[in-house]
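Colleague: sequence and computational prediction follow.
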Amino acid sequence: MTLRVNGQDHTVPLAPWTTLLDALRDHIGLTGTKKGCDQGQCGACTVLVDGVRVNSCLTLAVMKEGCEIRTVEGLSNGHLHPVQQAFIDHDAFQCGYCTPGQICSAVGLIREGRAKNPAEIRELMSGNLCRCGAYPNIVAAIEQALQAGEEAQ
């Protein structure tokens, strides 16, 4: 099957039960997307599929053939994505394990256009867990990207 990831087609032999997460990490070699709980509860595996936030550990790869999949590696285009820069500006990570999923989720959140304030950001990002407790900085980073008027590309 062929998956379009970060603007490139990847033809990979996959069993029908292969998750999108495992296809990305094990078959395509994009290890930025993290395997956390493997049950869709932590958000470490969040990627964008046709611009929508998806838990890749719960998504079968065969269901996403023909879709545009973006991982954290595909957000920058020769320069950091505004959300990536905001995470640096606000030191919105400690161990960094959840960061790729947080960033992809934040890009999707901004694209959705539903979050207007910190309380809404916290609510709409609640599917992404951070064990280090960097939540205040994560919210500040997303708020910066929102205030700058940056849209998901």
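Modeller: Nice, I can see it.
Colleague: in the chain, which spans are helices?
Modeller: Taking DSSP state H to define them, one finds helices in the chain at 20-22, 82-89, 99-112, 118-124, 135-147.
Colleague: which among the ones you listed is found nearest to Thr31?
Modeller: Among those, the nearest to Thr31 by C-beta to C-beta is helix 99-112 (9.4 Å). Glycine gets a C-beta too; all of them are placed from N, C-alpha and C.
Colleague: other SSEs contacting the closest one?
Modeller: strand 46-49, strand 52-55, helix 82-89, helix 118-124, helix 135-147 (3 or more C-beta pairs under 8 Å, 6 or more residues apart in numbering; DSSP states H and E).
Colleague: how far does the last one sit from the chain's center?
Modeller: Taking C-alpha atoms, centre = their mean, to the nearest Å, one finds the center of helix 135-147 at 15 Å from the center of the full chain.
Colleague: for it, give the mean pLDDT please.
Modeller: The average pLDDT within helix 135-147 is 96.
Colleague: just the angle between that helix and helix 99-112, please?
Modeller: With axes from the mean of the first three to the mean of the last three C-alpha atoms, to 10 degrees as the basis, helix 135-147 and helix 99-112 are set at 40 degrees to each other.
Colleague: centroid-nearest residue for this protein?
Modeller: Centroid-nearest residue in the chain, with C-alpha atoms, centre = their mean: Cys104, separated by 2.4 Å.
Colleague: where in the protein is pLDDT low?
Modeller: Scanning the chain for pLDDT under 70 picks out 150-153.
Colleague: that one - how does it break down into domains?
Modeller: Domain ranges of the chain: 2-74, 82-151, per the TED database.
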